[in-house]
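K.L.:
Build the 3D model from these lines:
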Amino acid sequence: MRIAGSILIGVIAYLFGFFTSSMALTANAWAFSDGELNDTGLVAVLLLFLVWGLVFLRHRWPWVPFVAGALLTAGWGDALMLLIAVFHLVIRAPRRQAIIASAVSTGLMAFSTVRMCLAPPEHNPFSIFFLPDPAQVTGLEATIPPEDSHLAIRIITIAAGVIGLCTALGVGALLRRTRRMRAVESIAERQAQRNESLTAEIARQSERELLARELHDTLSHRLSVISLHTGALEVGAQTDPEVASTASALREEARASLEDLRHLVGGVRNGDLADPRPGHENSSPPSRATMAAIPELISSVASTGTVIRPLIVIQDVDSCPPALDRAAYRIVQEALTNAMKHAPNLPVTVDIAVSAARGIRISVSNPLPSAPGPVDVPPRPRYAPGPARGAGAGAPDHGPGPAGHRPGPQDAQLGSTGSGSGLVGIRERTEMFGGEASIGVFGNEFRVQVCFRSLSPRT
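P.N.:
Prediction:
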C-alpha cells in the first residue's frame, strides 16, 4: 500500500507539474515568435517530459529533483519541482543539508518572484485568470491582460510564492519533528522494556540465590550426615560383608549426591541449569549426569538388590548437546526410581539405544505387581500412552507386591513418597527437546518409552 501510494502521488505530481511548467513557458519570450510557439519552445516542452520524470526520485535521491527544480526556477519561472524536492529534503536529509536546501530554495523563490513581478504582465502565467476572453489563450496573438489587473497579478504572484515556500518548509519541518518524536518514543519504549527485563532478571536472580542457599543449607547437611553414618556403619560391619557392601554403596551414593548437589546449586545460582538453546551448551556446570554415566547409574541401582536387565548401545554421544545428554540421563534415572518405588523386588528391563542416525530411544519397563489373593484392593486405573499431563499422576501406584510377598515398612514408606511429578517431569523434558513420550500400562508391564529422533535439540 505504501509503494502504491507513493507511485500514485508521483504520477499526480508528474502530470500537474508538467502542466504548470507548460503554463510557465509563457514567461519566456524566447519560446515564442510573433505570438506563436517556435521550434525552441517546442523542444523545451518536449524536454519537460524527461525533466519531470525526476520527481519519482524524490524519496531516494531528493537532491536530483532539487537541482532540476532550481534550474527551472532560475531560468524557467516554475518552482513547483523545487518546492517538492525541498519538502522531502527537510523531512529526510540531515539537519545541515536541510538548512542549506531551505536557504537556497528561499533565495531562488525570491529571485523568481521578483523577476516575474518585473516582467511584462503578458509574460506572467497568472495573467490567464484576468483575460477578458479565455479563448485568447489558444490564439495566435499574445495574451495581454487589462491594465487595471496588473497589480492584482503581481499580488497573486507574490502570494503564490510565499504560500508555496511556507507550505513546503513548514509541513516538511512538522513531519520531520513528528518522525523524530516517533523515533524518541520508540527508543524510550525499548529502554522501558529493557528496564523491565532487567528488573525481572534481578528478581529472578534473587529467587535463584535464595533457592540455591536453601538447597545447600538443607540437603548438604543431611547428605553429609548420611555419608558419615554410612562410613561408620561400613567400618563397624567388617564381620558382615553384606552389610559392609550395602554401607559402602550408600556412602558412594551420598558422596555422588553431594557432588550433584554442588552442581545443582551452581546451576540454580547462575540460571543456566538446563538451557537447551544453541550457543548455551557450555554454560551449564559440569555434572556426572550424562549418558556415558548410565552404566554406573544402573550399577548403583543393582547394588540395592534390584534385578536389572540392561541392553545399552550408546554411540556418537560426543555429538549430543550437553543439555539433551543430561535430560536423557535424568529420564533414565527417574524411570528407574519409579520402578524401585512402586514395583519393589521385581526385575526392571532397561533398553537404551543412542546413535546419530536413530537418535535416542529409551525404554524402561517392569512387570505389574499382582494382588496377593483376598486382599481388598481398589481397582487401579490403566494409563494409555499419550501426552496428557495428568496421565502419570497415579500410574506408578501398582498396588501391593507380588504373590507371596507383602511389602514391608520400608517398601510402604518408599511407595508413599510418589506424587506423579516424576512422570510429569519426564514428559516435560521430552517435550522441551521435541521428543515423544509414551508412559503407561502395556499388557502386563508398566513401561516408560521416550524417543528423540535426532541428537540435535529442537530450538
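
K.L.:
Lowest-scoring secondary structure element of this structure by mean pLDDT?
P.N.:
helix 409-415 (a mean of 46; mean pLDDT, DSSP states H and E).

K.L.:
Whatever helix or strand Leu324 lives in: how far from the chain's middle?
P.N.:
Per DSSP states H and E: Leu324 is located in helix 322-342. The chain centroid and the centroid of helix 322-342 are separated by 32 Å under Cα atoms, centre = their mean, to the nearest Å.

K.L.:
Packing partners of the following helix or strand past that helix?
P.N.:
For helix 322-342, the succeeding helix or strand toward the C-terminus, using DSSP H and E, is strand 348-355. With contacts taken as 3 or more Cβ pairs under 8 Å, 6 or more residues apart in numbering; DSSP states H and E, strand 348-355 sits against helix 294-302, strand 308-314, helix 322-342, strand 359-367. All C-beta atoms are positioned from the backbone trio N, CA, C, and that covers glycine.

K.L.:
which one of the ones you listed lies closest to Val184?
P.N.:
With Cβ to Cβ as the criterion, Val184 lies closest to helix 322-342 of the helices and strands packed on strand 348-355, at 41.0 Å.

K.L.:
avg pLDDT for the closest one?
P.N.:
Summarised as a single mean, pLDDT over helix 322-342 is 87.

K.L.:
Can you list the buried residues in that helix?
P.N.:
Residues of helix 322-342 classed as buried: 322-342 (neighbour count, 16 or more other Cβ atoms under 10 Å).

K.L.:
Ok, stretch 182-193 next?
P.N.:
Buried residues in stretch 182-193, counted by 16+ other Cβ under 10 Å: none are found.

K.L.:
Equivalent analysis for stretch 304-324, please.
P.N.:
Neighbour-count burial for stretch 304-324, counted by 16+ other Cβ under 10 Å, picks out Thr306, Ile308, Ile314, Val317, Cys320, Pro321, Pro322, Ala323, Leu324.

K.L.:
Could you dump those into a markdown table and include distance to Glu214?
P.N.:
Formatted as a markdown table, the buried residues of stretch 304-324 follow (distance: Cβ to Cβ, whole Å):
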| residue | distance to Glu214 |
| --- | --- |
| Thr306 | 31 |
| Ile308 | 34 |
| Ile314 | 35 |
| Val317 | 34 |
| Cys320 | 32 |
| Pro321 | 29 |
| Pro322 | 26 |
| Ala323 | 24 |
| Leu324 | 28 |
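
K.L.:
where in the stretch 351-459 of the chain is pLDDT low?
P.N.:
In the predicted model, the stretch 351-459 of the chain carries pLDDT under 70 at residues 370-420, 457-459.

K.L.:
The same query, at a cut-off of 90, please.
P.N.:
Applying pLDDT under 90 to the stretch 351-459 of the chain flags residues 355-359, 368-425, 428-429, 431-434, 442-444, 453-459.

K.L.:
Now do the helices in it.
P.N.:
With helices called from DSSP state H, counting those that start in this stretch, the stretch 351-459 of the chain shows them at 409-415, 421-432.

K.L.:
In this model Gln449 seems to touch Ile426, though I could be wrong.
P.N.:
No: in terms of Cβ atoms under 8 Å, Ile426 does not count as a neighbour of Gln449; the distance is 10.1 Å.

K.L.:
who has more neighbours, these two?
P.N.:
Neighbour count, other Cβ atoms under 10 Å: between Ile426 and Gln449, Ile426 has more, with 25 against 19.

K.L.:
What are the neighbouring residues in contact with the more buried one?
P.N.:
Ile331, Glu334, Ala335, Gly392, Ala437, Ile439, Val448, Val450 (Cβ atoms under 8 Å, 6 or more residues apart in numbering).

K.L.:
switch to 7 Å and redo it
P.N.:
Ile331, Glu334, Ala437, Ile439, Val448, Val450 (Cβ atoms under 7 Å, 6 or more residues apart in numbering).

K.L.:
Reformat those as a markdown table; add distance to His216.
P.N.:
Putting the contacts of Ile426 into a markdown table (distance: Cβ to Cβ, whole Å) gives the following:
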| residue | distance to His216 |
| --- | --- |
| Ile331 | 26 |
| Glu334 | 23 |
| Ala437 | 32 |
| Ile439 | 32 |
| Val448 | 31 |
| Val450 | 31 |
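
K.L.:
taking those residues as a set, which two sit the farthest apart in space?
P.N.:
The most widely separated members of these are Glu334 and Ala437, with 11.5 Å between them, by Cβ to Cβ.

K.L.:
Sketch out the strands for this structure, chain order is fine.
P.N.:
All strands of the chain, identified by DSSP state E, fall at 32-33, 36-37, 308-314, 348-355, 359-367, 436-442, 445-452.

K.L.:
of those strands, which approaches Thr73 most closely?
P.N.:
Nearest to Thr73 among the strands of the chain is strand 32-33 (20.5 Å), distances taken as Cβ to Cβ.

K.L.:
for the record, mean pLDDT for that closest one?
P.N.:
On average, strand 32-33 scores 67.

K.L.:
And for stretch 6-19?
P.N.:
Averaged over stretch 6-19, pLDDT sits at 85.

K.L.:
what's next to it, contact-wise?
P.N.:
Stretch 6-19 is touched from outside by Leu48, Phe49, Trp52, Val55, Phe56, His59, Leu80, Met81, Ile84, with contacts defined as Cβ under 7 Å, 6+ apart.

K.L.:
Now with 6 Å, please.
P.N.:
Contact partners of stretch 6-19, identified using Cβ atoms under 6 Å, 6 or more residues apart in numbering, comprise Leu48, Trp52, Val55, Phe56, Leu80, Met81.

K.L.:
Show me what stretch 68-88 is in contact with.
P.N.:
Under Cβ under 6 Å, 6+ apart, the answer for stretch 68-88 is 17, 20-21, 24, 27, 51, 54, 58, 62, 65-66, 101, 105, 108-109, 112, 116, 164, 168, 172.
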